[in-house]
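Novice: Structure, please.
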Amino acid sequence: MTRPPVALLDYGVGNLHSAAKALDRAGADVRVVPTVAEAAGAAGLVVPGVGAYGACLRGLASAGGPAAVAGWLEGGRPLLGICVGMQLLFEASEEGPVSDGVGVVPGKLRRLTGQVKIPHIGWDEVTVRPGGRLFAGLGDGTRFYFVHSYAPEPDGEAVAAVCDYGARFAAAVEHGNLFGTQFHPEKSGAAGLALLANFVSEVRAA
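Specialist: Now for the predicted structure:
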């Protein structure tokens with residue numbers, strides 16, 4: 001499986017063109033699907049997400065909802081959440097009236113704090129926790145592109161990398177077949193492509 005089939009979920013809120021192009025360059029056979037159920041023939045799933053948490057959660061409901069995402073993960077195939085797509089994997093968010101997420105990662109999304117400009121927009125460094133597969137070959141100080149106002153707390157067991165912007169927050173998560181980035185790898189140049197290639201390698205090996 002030199003180019004494993006990776007489904008890119010189109011639930012109305014993702015940066016699909018950039019994500020599809022980057023995944024293709026990273027070695028995936030990209031298939032855009034409107035629901036998790038229609039990703040059944042793929043070996044990996046990518047859940048993008050931009051904008052407000054509540055809007056993304058409502059969009060996810062039309063694509064099968066949190067139960068479909070949880071079911072995909074229970075099946076053992078890799079999943080990558082990007083930006084709000086990662087945030088939806090947590091239990092809840094402070095943002096907006098809708099707070100309940102997929103709940104497969106413990107913790108809550110909180111608004112960024114500190115004497116910094118919000119939203120956090122632009123390139124920033126991450127500190128990588130040892131042993132992660134998503135950041136293989138990418139060390140501390142690697143820069144990625146962020147656009148967000150909320151983020152997970154930095155101390156959970158699934159946290160794979162942290163960023164310091166006013167205060168520390170989780171920049172990426174990794175647990176079993178679940179992966180997620182608060183930053184946008186599809187907008188992060190060579191480092192982002194390397195990270196996506198690591199995810200595609202996990203899909204290929206699964």
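Novice: could you say which helix or strand contains the residue in the chain sticking out farthest from the centre?
Specialist: When each C-alpha in the chain is compared with the mean C-alpha position (C-alpha atoms, centre = their mean), Gln115 comes out farthest, at 26.2 Å. Using DSSP states H and E, Gln115 sits within no helix or strand.
Novice: Just the buried positions in the top strand by length along the chain, please.
Specialist: Assignment by DSSP state E gives strand 167-175 as the longest strand of the chain. In terms of neighbour count (16 or more other C-beta atoms under 10 Å), strand 167-175 has its buried residues at 168-175. For every residue, glycine as well, the C-beta is placed using N, CA and C.
Novice: and which of these is nearest Glu202?
Specialist: Glu174 (9.6 Å; C-beta to C-beta).
Novice: Find me the pLDDT at the nearest residue in space to that closest one that is not next to it in sequence, would you?
Specialist: Leaving out its chain neighbours, the residue that sits closest to Glu174 by C-beta to C-beta, 6 or more residues apart in numbering is Ala160, at 3.9 Å. pLDDT for Ala160: 98.
Novice: Can you report how many residues neighbour Ala160?
Specialist: 22 (other C-beta atoms under 10 Å).
Novice: repeat for Lys108
Specialist: Neighbour tally, Lys108, other C-beta under 10 Å: 15.
Novice: what angle do the helix or strand hosting it and strand 167-175 make?
Specialist: For Lys108, the host element (DSSP H and E) is strand 105-111. Counting by axes from the mean of the first three to the mean of the last three C-alpha atoms, to 10 degrees, strand 105-111 lies at 150 degrees to strand 167-175.
Novice: centre of the chain versus strand 105-111, how much separation?
Specialist: In terms of C-alpha atoms, centre = their mean, to the nearest Å, the centre of strand 105-111 is set 14 Å apart from its chain centre.
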